[in-house]
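1. generate a structure from the sequence data that follows.
(3 chains)
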Amino acid sequence: MADPRFFHVAGPFTLARLAELSGATLAEGADADLLLADVAPLEVAGPQDFSFLDNRKYAAAFEASKAGACVVGAEMAERAPAGMALLLSSDPYRAYARIAQAFYPVTAPQPWVAPTAWVDPSASIGEGCRLEPGAVVLAGAQIGTGCRIGANAVIGDGVVIGADCIVGANATVSHAVVGNRVNIYPGARIGQDGFGFAMGPQGHLKVPQLGRVVIGDAVEIGANTTIDRGAGPDTVIGAGSMIDNLVQIGHNVQMGRACVIVSQVGISGSTRLGDFVAAGGQAGITGHLKIGSGARIAAQSGVMRDIAPGETVGGAPAVGMKDWLRQVAALGKLARRKG
Amino acid sequence: MADPRFFHVAGPFTLARLAELSGATLAEGADADLLLADVAPLEVAGPQDFSFLDNRKYAAAFEASKAGACVVGAEMAERAPAGMALLLSSDPYRAYARIAQAFYPVTAPQPWVAPTAWVDPSASIGEGCRLEPGAVVLAGAQIGTGCRIGANAVIGDGVVIGADCIVGANATVSHAVVGNRVNIYPGARIGQDGFGFAMGPQGHLKVPQLGRVVIGDAVEIGANTTIDRGAGPDTVIGAGSMIDNLVQIGHNVQMGRACVIVSQVGISGSTRLGDFVAAGGQAGITGHLKIGSGARIAAQSGVMRDIAPGETVGGAPAVGMKDWLRQVAALGKLARRKG
Amino acid sequence: MADPRFFHVAGPFTLARLAELSGATLAEGADADLLLADVAPLEVAGPQDFSFLDNRKYAAAFEASKAGACVVGAEMAERAPAGMALLLSSDPYRAYARIAQAFYPVTAPQPWVAPTAWVDPSASIGEGCRLEPGAVVLAGAQIGTGCRIGANAVIGDGVVIGADCIVGANATVSHAVVGNRVNIYPGARIGQDGFGFAMGPQGHLKVPQLGRVVIGDAVEIGANTTIDRGAGPDTVIGAGSMIDNLVQIGHNVQMGRACVIVSQVGISGSTRLGDFVAAGGQAGITGHLKIGSGARIAAQSGVMRDIAPGETVGGAPAVGMKDWLRQVAALGKLARRKG
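-> Numbers count the residues shown, from 1 in each chain, chains lettered A, B, ... in the order given. Modelled structure (predicted):
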């Protein structure tokens, strides 16, 4: 069970209720009235715990699990250990997400302005906000209702933040307009100058960065990630996009809806991403490109050309996924022959 | 126009004045007395706005732009839309930088020591400084005149910072001597211990890191970038160098003047860079190397040998640029043949 | 000598005492009573300074050095300049580490709770702790004896930190149980949500992250490094592991003892590392892998499969080191032939 110093469990819930919440179906023979007290990983779950199997790598752990109930794909049902009640789902991870959210609901912050928080008199703070110790809200900033501004976070002059947002401890936000239900993780840097200057043998000349960062609803921005403001146009992060830790997003980047950007990716200035683009860890994308909706970019790729909608690429310079796999195979074969 | 919540525009300026400020020349037929109220990107500029064209990718936007005036290279002049006044420059981006700086000048900070800032009694703060809420200046530190120390930034014991510097919100500086007009972005970490220890099967033994970080004038250090102090010698960043976000610079690195280090680059310990070295995003440079002045390192390169002055390299391990392009072509061809 | 604004030297010590402290042996003819006042790099050391030679790249500096004494491997002894006293060691860097630690000992913090620090009434702070200005310790957190909590660092609800730890300025720690003598560098982010959500065309659904980060004794965690808490299991960092700056460690990662993880490495979720694993800068390791004890992963590698204990790998996708070197050679040859 989750450490009670950090997490507070709701429940218990009946299996029938969990099926309802998650859209999964009760497997034959499963006891609809079974009471589940918590969620837990397969390896440590006990008879009162609910678990999930989503990755076949963990099938052995599933077969040996003592979990009271579990959500799985139908094709795995027959491998369940005796006594485990099953929920069946075509997307067991999504079903588990709903169930875990029921056991560990996100609660509204306890309203508070800590005595060591700083709120400029011209700033406006919505009802129900929590400003933790050392949080700073500068002149003219507007914070919507129900927000949590973490300890020592800094909200710059004029920044607008919507309702029900979380700004993590020690994060900074400047020159930005942020939607609702946005989660900015600790140490994220949003809105600073982009890397814009005219290079020259007589020295580099800074170009004023006059745009903003505009962030849609329900975006997540990972720890220590940096998003520069636009140079003239805005930098835009579309609603529902998930950005991991230590990602760099350059000025004027326009990211569509529900993109998934894994840790340590870098996206150079003025590149435009469609919706549902996925980029694997440490991938790099050059500036001024167009990446079509649904494109998938493998980890560590180096993207130096436009990517068509739905295309999957890998390698550096990135090519179509099949071509990259052929390159890897061909090089391996060549090296063995020469050896 | 730039969002007035974040930016304050100066001006207006006549076209003749902008030509003078930027060193560009009035094109034939351009009205020297034309008044410009602001700068704006080509796509959104109106008759009172000044814009620029620097990248041929945006030639169509130039042809369709409603900007009142624009700076371009002479070769693009004939593609200007009717009614647009032109300034001509062999370096339009640099000319635009000067003009945008006129419209959006960097102003001296409003002197202030916020009530929640902390200044050790033994620290000295120059005239005209602004210490925002939660800023911390520890024992013996010396801050020059006209500096802005951002909210919740931390200046460590004994640190020396020159005049007219900006230390961004939540940045930390320790064990460092910083020049004038240096801009340290939010979340940058300067002066912590380098990654120095004697490895061994009985455990790793920390080696005291006894050097400093010495930063020249007019350096920019990006958000969440980390620069470790020297192990014995200093880590040195030469005047005018531009360092982007999330860059790692190891102990004892010596970087010359006016280098350009793009986001997520890593430079390992004791490597020396000459002047005007440029490293593309996510490039990695091994320790104890010499990178000659004017060397150019492509994005994502892995540099494992010394680089001669002026050499351009790419790939991992990095080779001369032409060799790298040949490798890419040869591998692509090989893969297609085998496929 | 180290800048006295930042460092305070102990000593002097006799050469005999330094031999004793370091386990090195006095070379023939070395004066056991020679007094050394400081340590210094070979290039700048004078007659009262102690230095070291560990990397043959610096043999010329050794031959020209004016250091009064130096620790070297026996094979280099004959190249010492006249008048330099030698200590001999099979591991001169380790011997130097001990000696430098004697000259620059880590001292206990001066106990203090700065007036602008915030300590929740339900938190407990051990004896001898120093909480610098703006440090925040939230509800229920427990800090062991002799800890230094840097300026504007944030210790979250319920976090447990052992004795003699350092939490750097502006670092954040949440959902974590931390051992003794752990050094968390400025700006590190520990314990935030992992990147866990169920992707889907209707949007991405957040999966509650219910584990912790558990950190063993004597771990170092570099500046701006991010370590996500577990999703259900914990994220675990084994005792004595050294983690450099800007490293990303995903949820559920289990790292063994004394691993060395160089800057900008990314380790994806649920991967398990044995003891003494070393990963070079910018390497990426995919999720759900097993990396055996003593494995070595070259810089910039992309590890996509399990690695056997003791195996050395390089390249992307990573292969055995010899195979990678063969690939590099074969590709270079192929490109030259085609050119």
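2. remind me, longest helix of chain A?
-> Ranked by residue count under DSSP state H, the longest helix found in chain A is helix A:321-338.
3. name the nearest residue to A:G194, sequence neighbours excluded.
-> A:H251 (2.7 Å; Cβ to Cβ, 6 or more residues apart in numbering or on different chains). The C-beta positions use only the backbone N, C-alpha and C, and glycine is treated the same way.
4. which SSE is that neighbour in?
-> Under DSSP states H and E, no helix or strand contains A:H251.
5. how many residues are close by the nearest residue to A:G256 once chain neighbours are set aside?
-> Leaving aside its chain neighbours, A:G256 sits nearest to A:D275 (3.9 Å; criterion: Cβ to Cβ, 6+ apart). Number of residues near A:D275 (other Cβ atoms under 10 Å in any protein chain shown) recorded here: 19.
6. quick one: A:D275 and A:A258 touch, right?
-> Yes. With contact defined as Cβ atoms under 8 Å, A:D275 counts as touching A:A258 (5.9 Å).
7. find residues that contact each of these two.
-> Common contacts of A:D275 and A:A258, defined by Cβ atoms under 8 Å, 6 or more residues apart in numbering or on different chains, comprise A:G238.
8. sorry, back to before: tell me, how many residues neighbour the residue nearest to A:G194?
-> Residues lying near A:H251 (other Cβ under 10 Å) number 26.
9. doesn't A:D234 make contact with it?
-> No. Assessed by Cβ under 8 Å, A:H251 is found out of contact with A:D234, at 9.2 Å.
10. ok so, going back, list phi and psi for the residue nearest to A:G194.
-> Torsion angles at A:H251 (phi, psi; degrees, to the nearest 10) stand at phi -60, psi 140.
11. spit out the contact partners of it.
-> Listed by Cβ under 8 Å, 6+ apart, the contact set of A:H251 reads A:G194, A:F195, A:G196, A:Q209, A:G211, A:D228, A:R229, A:G230, A:A231, A:T235, A:G269, A:S270.
12. filter those residues down to the ones in strands?
-> If you go by DSSP state E, those have A:T235 in strands.
13. against A:G238, how distant is the residue nearest to A:G256?
-> Counting by Cβ to Cβ, to the nearest Å, the separation of A:D275 from A:G238 is 7 Å.
14. shared neighbours, these two?
-> Counting by Cβ under 8 Å, 6+ apart, the residues touching both A:D275 and A:G238 are A:G256, A:R257, A:A258, A:C259.
15. contacts only, for A:P109.
-> Residues in contact with A:P109 (Cβ under 8 Å, 6+ apart) are A:G128, A:C129, A:R130, A:G146, A:C147, A:R148.
16. if we use 6 Å, what do you get?
-> Applying Cβ atoms under 6 Å, 6 or more residues apart in numbering or on different chains, we find A:P109 in contact with A:R130, A:R148.
17. where does it land on pLDDT?
-> What the model reports as pLDDT for A:P109 is 97.
18. next: A:R326.
-> For A:R326, the predicted pLDDT is 97.
19. burial measure for it, as a count.
-> Using other Cβ under 10 Å, A:R326 has 20 other residues around it.
20. burial count for A:W112?
-> Considering only other Cβ under 10 Å, A:W112 is surrounded by 13 other residues.
21. wait, it sits on A:R130?
-> Yes. At 4.9 Å, A:W112 and A:R130 qualify as touching, with contact defined as Cβ atoms under 6 Å.
22. distance-wise, check the residue nearest the centre of chain A relative to A:G281.
-> Residue closest to the average C-alpha location in chain A (Cα atoms, centre = their mean): A:M242, at 3.3 Å. Counting by Cβ to Cβ, the gap from A:M242 to A:G281 is 13 Å.
23. list the contacts for A:S65?
-> Here A:S65 is in contact with A:L42, A:A45 (Cβ under 6 Å, 6+ apart).
24. at 10 Å what do you get?
-> Contact analysis of A:S65 by Cβ atoms under 10 Å, 6 or more residues apart in numbering or on different chains lists A:40-46, A:49, A:51, A:53, A:58, A:80-81, A:84.
25. do A:M321 as well
-> A:M321 touches A:R296, A:I297, A:A298, A:S301, A:E311, A:T312, A:V313, A:G314, A:G315, counting by Cβ under 10 Å, 6+ apart.
26. what's the neighbour count on the second one?
-> Using other Cβ under 10 Å as the criterion, A:I297 is surrounded by 27 other residues.
27. again, but for the first one
-> Counted with other Cβ under 10 Å, the neighbours of A:R296 add up to 19.
28. thought it was touching A:G310?
-> Yes. Under the criterion of Cβ atoms under 10 Å, A:R296 makes contact with A:G310 at 8.2 Å.
29. what distance do you get for the residue nearest to A:G194 to B:D275?
-> 26 Å.
30. intersection of neighbour lists for A:M242 and A:G281?
-> A:I261, A:V262, C:F195.
31. need those in JSON lines (columns: pLDDT).
-> Listed next are those as JSON lines, based on pLDDT from 0 to 100:
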{"residue": "A:I261", "pLDDT": "98"}
{"residue": "A:V262", "pLDDT": "98"}
{"residue": "C:F195", "pLDDT": "95"}
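32. which one of these is nearest B:K290?
-> Set against B:K290, the nearest of those by Cβ to Cβ is A:V262 (34.6 Å).
33. any idea how many residues pack against A:L34?
-> 19.
34. excluding chain neighbours, give the residue nearest to it in space.
-> A:L15 (4.3 Å).
35. ok, that neighbour - how many residues close by?
-> 23.
36. that one touches A:A85, doesn't it?
-> Yes. Applying Cβ under 10 Å as the test, A:L15 and A:A85 come out as touching, 5.7 Å apart.
37. now do the nearest residue to A:V173 once chain neighbours are set aside, the pLDDT please.
-> Nearest residue to A:V173, sequence neighbours excluded (Cβ to Cβ, 6+ apart): A:I190, at 4.6 Å. Per-residue confidence (pLDDT) for A:I190: 98.
38. domain assignment for chain A?
-> A:13-103, A:110-170 (automatic domain parsing).
39. out of the ones you listed, nearest to B:A135?
-> That would be domain A:110-170 among the domains of chain A, by Cβ to Cβ, at 9.6 Å.
40. so does the closest one get close to chain B?
-> Yes. For domain A:110-170, a contact with chain B is found by Cβ under 10 Å from any Cβ of the partner chain, at A:115-120, A:133-142, A:151-160, A:169-170.
41. now do the contacts for the residue nearest to A:L34.
-> By Cβ under 10 Å, 6+ apart, the contact list for A:L15 reads A:24, A:26-27, A:30-36, A:50, A:68-69, A:85-87.
42. phi, psi for it please.
-> As for A:L15, its main-chain torsions (degrees, to the nearest 10) stand at phi -60, psi -40.
43. now it: how far from chain C?
-> Distance, A:L15 to chain C, using Cβ to the nearest Cβ, to the nearest Å: 19 Å.
44. just the pLDDT for that residue.
-> Looking at A:L15, its pLDDT is 98.
45. would you mark the buried spots in stretch A:305-317?
-> A:I307, A:E311, A:T312, A:V313, A:G314, A:G315, A:A316, A:P317 (16 or more other Cβ atoms under 10 Å in any protein chain shown).
46. these in strands, which ones?
-> Using DSSP E, those in strands are A:T312, A:V313, A:G314.
47. wait, doesn't the second one sit right on A:A298?
-> Which is A:V313. Yes. Contact criterion Cβ under 10 Å: A:V313 and A:A298 qualify, at 6.7 Å.
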